[in-house]
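**Q** model this:
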Amino acid sequence: MNTTIILDDFKDALSKNLTVVLCGLFILYVNGALMRVYFTVPSFTQEARYVLYIFLVFNDMMMVALTVLLHVLTYKPRFISVPVCYILVTTSSTAYRNTPLILAGMALERYVAVCLPLHHGRVCTAGRARHFNAVVWWVSSIPSLAHLFLSLSERPPPFYTSDIMCYSVNIFSSPRQQVIGAAGNAIYMAFVWVTLVYTYAQVLCAARAASSNKRQIQKAQNTILLHAAQLLLCMLSYVAPVFEHYVLMRFPLLRNRLPFGNFLVTNLLPRILSPLIYGIRDQAFRTHIKRALLCQGSTRSTVIFSKRT
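**A** Numbering: from 1, shown residues only. From the prediction side, this is the model:
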């Protein structure tokens, strides 16, 4: 989320906020169309990979809405109550941590489909995918709960009835909270990278050993590589502050533009690319996306699932 405190003149502030809001509305519109396709085609709700996919789309929609709201609220410093700020920041942070874990789940589902095809129908069910999504929310909320307990033990009671500028550094300011946040992110990312590398290696071995259906296995490899690319986009938010610091040391005149550019690239751009790419690659989804984007009539109630893996 945007935590850079930079004051622009009215014209720049208006143009930047308008850009963020319009980009956010566009992302919500596109992802909302994908949600519409999912819920108007009952067959999609019975397939594990589509349940995981739509959870990624919904999670991105939630994060975009909260990120845009926080950007507008904090661009011109204004004070809001601590409980409201805490809910906004922690929900946004939890949704952000959800993304790599969802990608890990999607990669595992493709691994089972390719390497354990006889067990795929039993292991990867829609119900288990929904349970996985619930577990992801629970795991991602652990750092936020730890932050809350530390805040309750370190902050005086009057703090929670006060108003603050809603930046994460204003509510997660203690060294222990910073250590917990960094450690939690490192553990999550390490787990996801290990999962992606393992599943890709196993699918690659299956491709070399297969005498038939190599095209399907190749598509599974490409899907896992897309997950890795999405994870790299997620990790940009960790690299951006360091990059921004060193660039501004050499080019201080960029202090009003570089943070805003980083915000667009690390917070908004990843929320539109991956869901849209996955949706376009899937033949079953692609047949319904255009109609949903144009808000035309309801989609068909049944589809023949694509052979994409």
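**Q** rest of the way, CA atoms for contacts and neighbours
**A** OK.
**Q** tell me where the model's unsure across the stretch 201-309 of the chain.
**A** 210-214, 216, 274, 293, 295-309 (pLDDT under 70).
**Q** helices along that one, start to end?
**A** Using DSSP state H, counting those that start in this stretch, the helices found in the stretch 201-309 of the chain span residues 214-250, 258-263, 269-281, 283-293.
**Q** name the helices or strands packed onto the last one?
**A** Using 3 or more Cα pairs under 8 Å, 6 or more residues apart in numbering; DSSP states H and E as the contact criterion, the elements in contact with helix 283-293 are helix 10-40, helix 269-281.
**Q** how about the shortest one: buried residues?
**A** Okay, so that is helix 269-281. Residues of helix 269-281 classed as buried: 269-272, 274-276, 278-281 (neighbour count, 16 or more other Cα atoms under 10 Å).
**Q** just these now: which is nearest residue 145?
**A** residue 271 (25.1 Å; Cα to Cα).
**Q** isn't the closest one up against residue 67?
**A** No: using Cα atoms under 8 Å, residue 271 is not in contact with residue 67, being 11.0 Å away.
**Q** show me the shaky parts of the stretch 51-200 of the chain.
**A** Confidence mapping of the stretch 51-200 of the chain against pLDDT under 70 gives the ranges 76-77.
**Q** now do 50
**A** Along the stretch 51-200 of the chain, no part satisfies pLDDT under 50.
**Q** run through the helices of it in chain order.
**A** For the stretch 51-200 of the chain, applying DSSP H, counting those that start in this stretch gives helices covering 82-115, 117-123, 126-140, 142-154, 168-171, 175-209.
**Q** just put those helices in a markdown table and tack on distance to residue 45 and mean neighbour count.
**A** Formatted as a markdown table, the helices of the stretch 51-200 of the chain follow (distance: least, Cα to Cα, whole Å; neighbours: other Cα atoms under 10 Å):
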| stretch | distance to residue 45 | mean neighbour count |
| --- | --- | --- |
| helix 82-115 | 15 | 21 |
| helix 117-123 | 14 | 13 |
| helix 126-140 | 7 | 16 |
| helix 142-154 | 28 | 16 |
| helix 168-171 | 36 | 16 |
| helix 175-209 | 25 | 16 |
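**Q** export the ones you listed to CSV and tack on distance to residue 75?
**A** Listed next are those as CSV, based on distance: least, Cα to Cα, whole Å:
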stretch, distance to residue 75
helix 82-115, 14
helix 117-123, 47
helix 126-140, 27
helix 142-154, 24
helix 168-171, 14
helix 175-209, 23
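**Q** out of the ones you listed, which comes closest to residue 233?
**A** Ranking the helices of the stretch 51-200 of the chain by proximity to residue 233 (Cα to Cα) places helix 82-115 first, at 10.2 Å.
**Q** hey, what's the angle from that closest one to helix 126-140? Just curious.
**A** Calculated by axes from the mean of the first three to the mean of the last three Cα atoms, to 10 degrees, helix 82-115 forms an angle of 140 degrees with helix 126-140.
**Q** starting at the chain centroid, how far to helix 82-115?
**A** Relative to its chain's centre, helix 82-115 lies at 6 Å (Cα atoms, centre = their mean, to the nearest Å).
**Q** same for that helix, what does it pack against?
**A** By 3+ Cα pairs under 8 Å, 6+ apart, helix 82-115 packs against helix 48-75, helix 117-123, helix 126-140, helix 142-154, helix 168-171, helix 175-209, helix 214-250.
**Q** redo those helices as JSON lines? Include distance to residue 82.
**A** JSON lines is the format used below for the helices and strands packed on helix 82-115 (distance: least, Cα to Cα, whole Å):
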{"stretch": "helix 48-75", "distance to residue 82": "14"}
{"stretch": "helix 117-123", "distance to residue 82": "44"}
{"stretch": "helix 126-140", "distance to residue 82": "22"}
{"stretch": "helix 142-154", "distance to residue 82": "11"}
{"stretch": "helix 168-171", "distance to residue 82": "8"}
{"stretch": "helix 175-209", "distance to residue 82": "17"}
{"stretch": "helix 214-250", "distance to residue 82": "24"}
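**Q** wait, residue 178 touches residue 172, no?
**A** Yes: if you go by Cα under 8 Å, residue 178 and residue 172 touch, sitting 7.0 Å apart.
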